[in-house]
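>>> structure here, sequence nowhere to be found:
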């Protein structure tokens, strides 16, 4: 028996990738890797956005009201498997850029979830770089994930720190 759910993969016209999986309780999740999410910032952050994809996941709106287990032990392994599948086909220079949604004020919980997953995974072939930005009374949690073999890793960290502040200061 697999430790993760099976998933479907599809590609948009612009090169964005979308993965879908359903849990045992019939929750449907989408995991996305979007090419155009940060395209307006390419001029200011060319190294970062040359091979960067916006990364995120969520339950689809149709299944949010369903009741099920509070914790499903296969969700994280499925998302991890999807990330591995994505990197296997995208190369060492690729980056996943993420920011934790602030609309419901649960961004710190989401960031802690990333920390827990990172600790559980004990992945040595991927590097996660997380940044926290405080503006006024809002706490923003952003980061990126990239293969440890990314030849520009140190330069990307520097550029990402500037990028993180730049995109949240507009809000």
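Nice, I can see it. Please read all numbers here as calculations on a predicted model, not as lab measurements.

>>> list the buried residues in the worst-scoring helix or strand of the chain on mean pLDDT.
Counting by mean pLDDT, DSSP states H and E, the weakest-scoring helix or strand in the chain turns out to be helix 107-121, with a mean of 79. Going by neighbour count (16 or more other C-beta atoms under 10 Å), the buried part of helix 107-121 is 107, 110, 111, 114, 117. To be clear about C-beta, it is placed using only N, CA and C from the backbone, and glycine gets the same treatment.

>>> kindly report the same for stretch 26-38.
27, 28, 29, 31, 32, 33, 34, 35, 37, 38.

>>> hang on, isn't the first one packed against residue 58?
Right, residue 27. No. In this structure residue 27 lies outside contact range of residue 58 using C-beta atoms under 8 Å: 10.4 Å.

>>> which outside residues touch stretch 151-169?
Contact partners of stretch 151-169, identified using C-beta atoms under 8 Å, 6 or more residues apart in numbering, comprise 38, 41, 44-45, 47-48, 92-93, 95, 97, 99, 127, 129, 131, 133, 135, 138, 140, 142, 144, 146, 150.

>>> what helix or strand is residue 139 located in?
strand 138-147 (DSSP states H and E).

>>> give the pairing partners of that strand; include direction for each.
strand 95-99 (antiparallel), strand 126-135 (antiparallel) (DSSP bridges).

>>> so for it, mean pLDDT?
What strand 138-147 shows for mean pLDDT is 90.

>>> quick one: contacts of it?
Against strand 138-147 from outside (C-beta under 8 Å, 6+ apart): 48, 52, 55, 83, 87, 92-100, 102, 107-108, 110-111, 114, 125-134, 153, 156, 160, 164, 167-168, 171.
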